[in-house]
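**Student:** Fold the stuff below for me.
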Amino acid sequence: MDKHSHLTYPNINLNDHTLDDNLPPLQCRRQSNSLDPPPTSSLGALDRLPIELLQEILIQLDLGTFMDFRCTNRRAKELTDHLPQYKAITANARNALRGILNIGTSRWITCKSLFEKLCTSGCEQCGDFAGYLYILTCKRICFLCFSQDKKYLPLRPNQACRKFGLERAIIKTLPCMRVIPGIYSPNEKKATGTILVDYEAAFDAGIAQHGSLGAMDDFVAGVVAKKLQANRKRAIQAQQSGSSRRIRMPQVADPFDGESGNPLRFVAIVRVPWLSRTSLDQLARRNGLLLFYQPHQGSTLPRMARSPPNLQLLQASVDPHDESKFRLLVDNSLVKYVTIDAGIFSQDDMCFEPSLVSLLPPLPLGDWNQGRISRDPKTGAPHFSAISSTTLLGITKIWHPAQIDHLELHMGRKLRSNVYEATCPRFKSPVIAKFARFPWEVPLLEAETTAYQWIEGCRIGPDFLGHLAEEGRVIGFVMARVADCRHATPEDFSLCCQALSKLH
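**Tutor:** The predicted structure is shown next:
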């Protein structure tokens, strides 16, 4: 092995100098040391929508609109930060999101499309494994393709007009970006701030404007011929007048590419991992798992329980870069909402329940339902830095006579983030339970509960079987399970109108 060591490299000392290396430094965020207050503002009319419908709408917004919505108020931030797709993006491909926002391509890329690309491993050009994303139009691409294929060489607006015979007004409608000045490509070439247009979009626009590829080529060739003819005419006139002024040739050819040495091929490229959908689904499945508590030393808060309680993880929302939230059932009777500060435990530990429980500090005694785990400023060990007994938000519009405690249900198959098939001794057949996992989801369930009151008795929806309660607080509802059905599509518009006509 040693005799061949001079032929090998222990490390690959190569840097592609992509957009990742030229993004502005990431600012550190202040971590909260106390329990965050609940949102004081609502989302207005949006809070009337079911949470799964609202989530589906949000992930289909372009990223620019999505981020603007996120900044509306604390309620909007809570909702967006707990979208599974957005959490996966910020946890695994933060530079892709930052790059899209910094170069100004967010209006052409949605949260859903970015997540879909992260869950795709193959290059869209050749099919090989691809570790890069071309974020001008959000395409998964390999190094060889983006460094050699002309589709991934963005053009300056003047060049796009000249090459495809486009008008300026059309160029303004195409996907474009602003270059972040810096060093790009393995050859370490400098790129200055400028505006670039996507090659493929400009090519398609040229064909659409001229009607066909042949017509576009003929038009461009005609324009070039006219420019050359005018240039020759000026040169002859200058020669006849005895002028020594040099007549420059018009720019008709493409500039030298240089392929992997061309910095413009790297200004819209970021490195991204491949996310396995199977693994993500497994990490998201956090309901009905029995956990066992182990005592943990070093806590400085009030006297703890002497005997380890039985813990059952009901729901969790894990974020490796921000605080994570957990809904725990203690001794099969009490529900505790626990927030863990960022950086306390790794994402893997928080997603693997036995590991998480072995790391948890002892639960404080007393009457409390919200707690926060932070690092002890003296020892650095995790401890409960704050606990409180808070009146949690609940559904107030109670119209059905039946109330079902959540402990009566045995949760089965997960249908959506907050919708489960379940069984209950009160009912002979399986039912559907829909509930707010965390307090910020209550307003959405409030509106949907009211909607079921409106349609009660109209036979246009599943039977409403009762309100779902947690320690006396209504958090959702139970409805009949409807078999042999599907979601409505645009083709069902007339049927939807007929159903609504029973109400209006």
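**Student:** quick one: low-confidence ranges for the protein?
**Tutor:** For the chain, applying pLDDT under 70 flags the ranges 1-14, 27-37, 231, 244-253, 277-308, 354.
**Student:** Tell me where the stretch 151-300 of the chain has helices.
**Tutor:** Taking DSSP state H, counting those that start in this stretch, the helices of the stretch 151-300 of the chain run over residues 157-164, 168-171, 199-210, 213-240, 277-284.
**Student:** Which neighbouring elements make contact with the first one?
**Tutor:** It refers to helix 157-164. helix 168-171, strand 195-197, helix 199-210, helix 213-240 (3 or more Cβ pairs under 8 Å, 6 or more residues apart in numbering; DSSP states H and E). The C-beta positions use only the backbone N, C-alpha and C, and glycine is treated the same way.
**Student:** Take the helices of the stretch 151-300 of the chain and write them to TSV, including mean neighbour count and distance to Arg413.
**Tutor:** Shown next, in TSV, are those (neighbours: other Cβ atoms under 10 Å; distance: least, Cβ to Cβ, whole Å):
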stretch	mean neighbour count	distance to Arg413
helix 157-164	19	51
helix 168-171	14	50
helix 199-210	18	42
helix 213-240	13	52
helix 277-284	13	13
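**Student:** mind putting those helices in CSV, distance to Pro181 included?
**Tutor:** Listed next are the helices of the stretch 151-300 of the chain as CSV, based on distance: least, Cβ to Cβ, whole Å:
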stretch, distance to Pro181
helix 157-164, 18
helix 168-171, 22
helix 199-210, 21
helix 213-240, 31
helix 277-284, 36
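**Student:** Tabulate the helices and strands packed on helix 157-164 in TSV, adding columns for distance to His504.
**Tutor:** Listed next are the helices and strands packed on helix 157-164 as TSV, based on distance: least, Cβ to Cβ, whole Å:
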stretch	distance to His504
helix 168-171	44
strand 195-197	48
helix 199-210	43
helix 213-240	52
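**Student:** Could you check the helices of the stretch 151-300 of the chain and tell me which one is nearest Arg416?
**Tutor:** In terms of Cβ to Cβ, the element of these nearest to Arg416 is helix 277-284, at 10.9 Å.
**Student:** for the stretch 251-400 of the chain, what spans make up the strands?
**Tutor:** Ranges of strands in the stretch 251-400 of the chain, per DSSP state E, counting those that start in this stretch, are 269-271, 289-292, 310-317, 324-330, 334-340, 370-375, 382-388.
**Student:** Put together CSV for the ones you listed, with mean neighbour count on each row.
**Tutor:** Output for the strands of the stretch 251-400 of the chain, formatted as CSV (neighbours: other Cβ atoms under 10 Å):
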stretch, mean neighbour count
strand 269-271, 21
strand 289-292, 14
strand 310-317, 20
strand 324-330, 21
strand 334-340, 19
strand 370-375, 20
strand 382-388, 19
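**Student:** Quick one: closest of the ones you listed to Ala480.
**Tutor:** Nearest to Ala480, of those and by Cβ to Cβ, is strand 310-317 at 23.3 Å.
**Student:** what angle sits between that closest one and strand 324-330?
**Tutor:** 150 degrees (axes from the mean of the first three to the mean of the last three Cα atoms, to 10 degrees).
**Student:** and strand 310-317, C-alpha only, in CSV?
**Tutor:** Coordinates of each C-alpha in strand 310-317 appear next as CSV, following Å, rounded to 0.1, in the frame of the first residue of the first chain:
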residue,chain,number,x,y,z
ASN,A,310,-44.4,6.1,31.9
LEU,A,311,-43.9,8.3,28.9
GLN,A,312,-45.7,8.0,25.6
LEU,A,313,-44.8,10.2,22.7
LEU,A,314,-48.0,11.4,21.1
GLN,A,315,-46.7,14.0,18.6
ALA,A,316,-43.4,15.7,17.8
SER,A,317,-42.2,18.5,15.6
